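A.B. asks: predicted model and sequence follow; I will ask about them next.
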Amino acid sequence: MTERECDHYDEYDERKRRRVIWALLGLIVVAAFVVFLVWAILHPHGPRFVLQDVTINDFNVSQPNYLTSNLQVTLSSRNPNDKIGIFYDRLDIYASYRNQEVTIARLLPTTYQGHLEVTVWSPVLIGTAVSVSPYLSPALEEDLMAGLVLLNIKIDGWVRWKVGSWVSGGYRLHVNCPAYINVPRQLVGGAGPAMKYQLVQRCAVDV
């Protein structure tokens with residue numbers, strides 16, 4: 001084979017490779033456009049969380065700067081989409097006081113939520129002798145003396161959207177449910193019956 005023929009075949013192979021590359025790029029662009037179009041038409045809405053009630057079993061601050069708490073919360077989540085399902089992946093729920101976590105994070109079960117479905121969880125949140133930051137102790141004591149404490153029930157996790165057989169990647173989920181709790185004096189000392197509060201408080205959701 002002459003040198004000219006070799007150059008001709010090299011140019012042919014190069015053109016062929018370029019056509020394959022451009023064809024692949026075209027397929028990727030078309031696929032991305034189709035996904036974007038479906039996404040734009042369906043326009044998924046984030047789930048809606050409601051804090052239904054809180055039961056305080058223990059709220060003990062008998063030790064200085066240490067808080068022991070035991071509470072059960074009931075939350076519901078509704079999927080507002082009529083054509084999109086939601087996967088809930090690794091949801092951690094915990095209680096916080098003035099942005100400080102005061103219970104151990106509890107892992108909620110992985111859940112799939114169909115169109116317009118409602119899911120209810122009732123986890124027990126426990127924190128034993130949790131150290132409260134010194135600058136928060138006076139505020140906590142004042143709240144307890146007044147008998148009204150603002151706790152925030154928070155959820156951190158991931159969600160995925162499902163349209164037909166297609167499932168999206170993971171999206172970060174943050175849920176914040178404020179709960180104003182009337183804590184009776186006898187419960188503060190670690191004694192007394194459990195107290196249940198019906199709240200039906202809508203939560204802030206960020207996806």
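C.D. replies: Done, it's in.
A.B. asks: every contact and neighbour count from this point should use C-alpha atoms.
C.D. replies: Will do.
A.B. asks: poorly predicted segments of this structure, please.
C.D. replies: Scanning the chain for pLDDT under 70 picks out 1-14, 34-42, 62, 184-192.
A.B. asks: using CSV, list the CA coordinates for whichever strand or helix holds Thr74.
C.D. replies: Taking DSSP states H and E as the definition, one finds Thr74 inside strand 66-78. Output of strand 66-78 as CSV, limited to C-alpha atoms (Å, rounded to 0.1, in the frame of the first residue of the first chain):
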residue,chain,number,x,y,z
TYR,A,66,-27.8,18.4,80.8
LEU,A,67,-31.1,17.6,79.2
THR,A,68,-32.8,14.2,79.1
SER,A,69,-35.8,14.0,76.9
ASN,A,70,-38.1,11.2,75.7
LEU,A,71,-40.8,12.2,73.2
GLN,A,72,-42.9,10.5,70.5
VAL,A,73,-43.9,12.5,67.5
THR,A,74,-46.4,11.7,64.7
LEU,A,75,-45.7,13.2,61.3
SER,A,76,-47.5,12.8,58.0
SER,A,77,-46.2,13.3,54.5
ARG,A,78,-48.3,13.8,51.5
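A.B. asks: sheet partners, orientation included, of it?
C.D. replies: As defined by DSSP bridges, the strand partners of strand 66-78 come to strand 48-60 (antiparallel), strand 118-121 (antiparallel), strand 124-131 (antiparallel).
A.B. asks: can you redo those as TSV with distance to Tyr97?
C.D. replies: Converted to TSV, the strands paired with strand 66-78 look like this (distance: least, C-alpha to C-alpha, whole Å):
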stretch	distance to Tyr97
strand 48-60	12
strand 118-121	21
strand 124-131	11
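A.B. asks: tell me which of those lies nearest to Asp206.
C.D. replies: strand 48-60 (10.1 Å; C-alpha to C-alpha).
A.B. asks: returning to that earlier point: list the contacts of the strand holding Thr74.
C.D. replies: With C-alpha atoms under 8 Å, 6 or more residues apart in numbering as the test, strand 66-78 has contacts from 47-61, 102-103, 116-132.
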